[in-house]
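J.: predicted model and sequence below, questions to follow.
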Protein chains: 2
Amino acid sequence: MNKWIVETKNFKIDESVVLECGTELSDINVAYETYGELNDKKDNVILLFHALTGDAHAAGYNSDEDKKPGWWNDMIGSGKAFDTDKYFIICSNILGGCKGTTGPSSINPKTGKPYGLDFPVITIEDTVKVQKKLIDSFGIKKLIVAGGSMGGMQALQWSIDYPDMVKATILTATTSRLSAQGIAFNAVGRNAILQDSNFNNGDYYDKTHPEKGLAIARMIGHITYLCEESMHNKFGRRFQDKDKPDFDFGVDFQVESYLQHQGKIFVDRFDANSYLYITKAFDYFDLAAQYGSLEKAFEKTNSKFLIMSFSSDWLFPTSQSLEIKNALIRAKKQVSFCEIQSPAGHDAFLLEFEVQTKIIKSFLRNLE
Amino acid sequence: MNKWIVETKNFKIDESVVLECGTELSDINVAYETYGELNDKKDNVILLFHALTGDAHAAGYNSDEDKKPGWWNDMIGSGKAFDTDKYFIICSNILGGCKGTTGPSSINPKTGKPYGLDFPVITIEDTVKVQKKLIDSFGIKKLIVAGGSMGGMQALQWSIDYPDMVKATILTATTSRLSAQGIAFNAVGRNAILQDSNFNNGDYYDKTHPEKGLAIARMIGHITYLCEESMHNKFGRRFQDKDKPDFDFGVDFQVESYLQHQGKIFVDRFDANSYLYITKAFDYFDLAAQYGSLEKAFEKTNSKFLIMSFSSDWLFPTSQSLEIKNALIRAKKQVSFCEIQSPAGHDAFLLEFEVQTKIIKSFLRNLE
């Protein structure tokens, strides 16, 4: 069978964007992919948002040589949850990222060198502002927004910032604000990068990158994406390729081997500075603080909402989804909520595609 | 009021000890403190074990200048849970530690330099073997053992290894084996140390120590000692000394400030190599694997058991205490169990002294 080949495209924003921190950012490029066809009325649009370390490549393959499809390939395509027979689906790389959209590894037009830490600190609102420029370029006036984890934060922000555009908002494994524990995990990961002897205040692009710190940050992240139950099921206390310990500081247990592997492969595909910027945007996101209360945040939205949480997700637990649901109800908005039973932890939104597909299809059908 | 001054003493083991890894370790020193008086029958002994980064200094002050008392001062003393009016209480620093007992920072008699990574990898069984030598030196034949967290692991091992000596075993916030998630947290902490550019394969004693890696390890540890609820109560999403974010990579939130402070003060008092060795002993401890099953592990013990867990402890959750309790019941041993309601997470065993005192006093009274 032929592979479904999708091209990552680029959109250059021809004006500068004023960010929440006050800085004006110009020459912004947005990397994005589209799946399906935009109809004549331009009203069959679903805008998807990726999570922390994702990219615009949500489905299909970029080339025949690609071994893995896009990160939400199980959810996007003909007959799937986000059905390309009906919908025109857009996914763009986040501002501050390292997968095509302008970020700290991009060339600063003022210096001709990568921004590094001269890149402004961004927020979820900023990322949404940039996505809006992309959507405007298509002439799209109405859309559905959807995302998991940090993608859900962007979907929430869209529903609030552009109430006349967003018809429906699909949220999975997300929150309206990170807990203190969530901030703590991000902060330790950032510290590992900032303290890496190769970090060089973010100016490392022509030198060895702070790979050790970034790998540590990724290992911490992976512990929070799984959960005790999924780690127990996957690894238990089994030794890696042996039946007794080595009595040294190499890898003894399978779970250690898994984490080291995850750290190692991550540094090949991700920029440490982008990790700093995106986790900071993660930490800052707080709709209740921004609008006075979560209920007030939702006052002007005209969207219908679908919220899915996962029983074993301890990073963005069900209680945080219920906070969103309850605030929406108090703000007299239409909301459907489902806690999906899953042993997969936070990662469930990338794995439990069958049940998410059923729920999303039913939600989208009811919008028609 | 005069301070209760306690001296840390030293016991030199005059024979070598064969460790579980096969290495014979000689010239072992054990740092210990005692509280109360040993009676003539030498049958009023309680041996306490400290947790991961603790030391022999469990109660009182080492000098008039000391600002803080020992780590379990609220539990040890006249009329307290471990009552010095009745009991002779001993606490020694763990083998592999850096607070007086021989460990990787001690001088290797063969080279005249600190062991570093030439120190053998130790297990909980090894630490217990060394403590036994100390107890023998007093001529003590019967005792009660007690400990929280990794201290509880040592108490469990004592009850199994010396069934004719241990009358009673008091366990708080402990486990018979770390979960995969627990191993994962330890592994990431160790990685941060091993990857620190100052680690130098453990040979850093005359140079800059791997302080950055050790601080990261400690920050990760602190996240697991608290819990979402205690972090929320302590810090929430409050900013540190300001009311809005700085839009940079300094400290924004109180929880970040707390963790950085904990990391910073830890490197002044703890050795990175000891952190490696002790967390490894932590990971290796697995009574069910050692004896075939937890029930079999407890077959020969003649101890009575008291087990306390804390409702919000997610590092050593109540379910793991229940595993111990249920195995003891299957092995037909006497066991009392209590889950203490507390919002303090794993740290509760160091904080919730009032309720622990009531339970321990009642348990000890029933032994008489």
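T.: That came in fine, so what should we check first? Numbers count the residues shown, from 1 in each chain, chains lettered A, B, ... in the order given.

J.: in the helix or strand of chain A with the lowest mean pLDDT, which residues are buried?
T.: Among the helical and strand segments of chain A, the one scoring lowest on mean pLDDT, DSSP states H and E is helix A:228-234, with a mean of 94. By 16 or more other CB atoms under 10 Å in any protein chain shown, the buried positions in helix A:228-234 come out as A:228-232. For the C-beta atoms, the positions are set from N, CA and C on the backbone; glycine is no exception.

J.: try stretch A:299-310
T.: Within stretch A:299-310, judged by 16+ other CB under 10 Å, the buried ones are A:301, A:303-310.

J.: stretch A:82-90 now?
T.: Residues of stretch A:82-90 classed as buried under the neighbour-count rule (16+ other CB under 10 Å) are A:82-84, A:86-90.

J.: from those, which land in helices?
T.: Among those, DSSP state H puts none in helices.

J.: in strands only, show me these.
T.: When the buried residues of stretch A:82-90 are checked against strands (DSSP state E), the matches are A:82-83, A:88-90.

J.: A:Asn44 and chain B: what is the separation?
T.: 38 Å (CB to the nearest CB, to the nearest Å).

J.: contacts only, for that residue.
T.: Contact analysis of A:Asn44 by CB atoms under 8 Å, 6 or more residues apart in numbering or on different chains lists A:36, A:38, A:86-88.

J.: swap the cut-off to 10 Å and go again
T.: Shown in contact with A:Asn44 (CB atoms under 10 Å, 6 or more residues apart in numbering or on different chains): A:36-38, A:83, A:86-89, A:140, A:142-144.

J.: what's across from the residue nearest to A:Ser92 when sequence neighbours are not counted in the sheet?
T.: Distances taken as CB to CB, 6 or more residues apart in numbering or on different chains put A:Tyr32 closest to A:Ser92, at 3.8 Å, once the chain neighbours are dropped. Judged by DSSP bridges, the bridge partners of A:Tyr32 are A:Lys9, A:Ser92.

J.: nearest to chain B among the buried residues of stretch A:82-90?
T.: Distance to chain B, by CB to the nearest CB, is smallest for A:Ile90 among the buried residues of stretch A:82-90, at 28.5 Å.

J.: A:Leu38 against A:Lys141, yeah?
T.: No. Here A:Leu38 does not reach A:Lys141: they are 12.0 Å apart, not a contact under CB atoms under 10 Å.

J.: can you pull the residues that touch both of the two?
T.: Shared contacts of A:Leu38 and A:Lys141, defined by CB under 10 Å, 6+ apart, comprise A:Val45.

J.: which of these two has more neighbours?
T.: Higher neighbour count among A:Leu38 and A:Lys141: A:Leu38, with 17 against 14, using other CB atoms under 10 Å in any protein chain shown.

J.: and what about the more buried one, helix, strand or coil?
T.: Put simply, A:Leu38 is coil when judged by DSSP: H, G, I helix; E, B strand; the rest coil.

J.: next up, the contacts around it.
T.: A:44-45, A:87-90, A:138-140.

J.: rerun at 8 Å
T.: For A:Leu38, the contacting residues are A:44-45, A:88, A:138, A:140, by CB under 8 Å, 6+ apart.

J.: repeat that for A:Phe353.
T.: Counting by CB under 8 Å, 6+ apart, A:Phe353 makes contact with A:74-75, A:81.

J.: just the buried subset of the residues you listed, please.
T.: Among those, those classed as buried by 16+ other CB under 10 Å are A:74-75, A:81.

J.: tabulate the buried residues of helix A:228-234 in TSV, adding columns for distance to chain B.
T.: Converted to TSV, the buried residues of helix A:228-234 look like this (distance: CB to the nearest CB, whole Å):
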residue	distance to chain B
A:Glu228	5
A:Glu229	9
A:Ser230	9
A:Met231	4
A:His232	5
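
J.: quick one: the strands in the stretch 251-368 of chain A?
T.: A:304-310, A:335-340 (DSSP state E, counting those that start in this stretch).

J.: how far does the first one sit from the chain's center?
T.: So the one you mean is strand A:304-310. Offset of strand A:304-310 from its chain centre (CA atoms, centre = their mean, to the nearest Å): 16 Å.

J.: touching chain B at all, it?
T.: No. Counting by CB under 8 Å from any CB of the partner chain, chain B has no neighbours in strand A:304-310; the shortest distance is 15.2 Å.

J.: other SSEs contacting that strand?
T.: For strand A:304-310, the packing partners by 3 or more CB pairs under 8 Å, 6 or more residues apart in numbering or on different chains; DSSP states H and E come out as strand A:166-172, helix A:318-330, strand A:335-340, helix A:348-351, helix A:353-367.

J.: now do the same end-to-end measure for stretch A:231-247.
T.: By CA to CA, to the nearest Å, the extent of stretch A:231-247 from end to end equals 23 Å.

J.: picking up where we left off before, which among the buried residues of stretch A:82-90 are in contact with chain B?
T.: Okay, of the buried residues of stretch A:82-90, nothing touches chain B (CB under 8 Å from any CB).

J.: same list, these, but as JSON lines with distance to B:Thr101 please.
T.: Converted to JSON lines, the buried residues of stretch A:82-90 look like this (distance: CB to CB, whole Å):
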{"residue": "A:Phe82", "distance to B:Thr101": "60"}
{"residue": "A:Asp83", "distance to B:Thr101": "66"}
{"residue": "A:Thr84", "distance to B:Thr101": "66"}
{"residue": "A:Lys86", "distance to B:Thr101": "69"}
{"residue": "A:Tyr87", "distance to B:Thr101": "66"}
{"residue": "A:Phe88", "distance to B:Thr101": "68"}
{"residue": "A:Ile89", "distance to B:Thr101": "62"}
{"residue": "A:Ile90", "distance to B:Thr101": "62"}
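
J.: which one of those is nearest B:Arg177?
T.: Distances from B:Arg177 to the buried residues of stretch A:82-90, taken as CB to CB, are shortest for A:Phe82 (43.2 Å).

J.: can you pull the contacts of the residue lying closest to that closest one once chain neighbours are set aside?
T.: Spatial nearest neighbour of A:Phe82, excluding adjacent residues (CB to CB, 6+ apart): A:Ile76 at 4.6 Å. Contacts for A:Ile76 (CB under 8 Å, 6+ apart) come out as A:35, A:48, A:58-59, A:70, A:82, A:84, A:89.

J.: dihedrals phi and psi, A:Ile76?
T.: phi -120, psi 130 (degrees, to the nearest 10).

J.: what pLDDT does it get?
T.: If you check A:Ile76, the pLDDT there is 98.

J.: average pLDDT for stretch A:318-328?
T.: Mean pLDDT, stretch A:318-328: 98.

J.: who touches that stretch?
T.: A:156, A:171, A:174-177, A:179, A:293-295, A:297-298, A:305, A:307-311, A:334-335, A:337, A:339.

J.: just the buried members of these?
T.: Buried, going by 16+ other CB under 10 Å: A:156, A:171, A:174-177, A:179, A:294-295, A:297-298, A:305, A:307-311, A:335, A:337, out of the contacts of stretch A:318-328.
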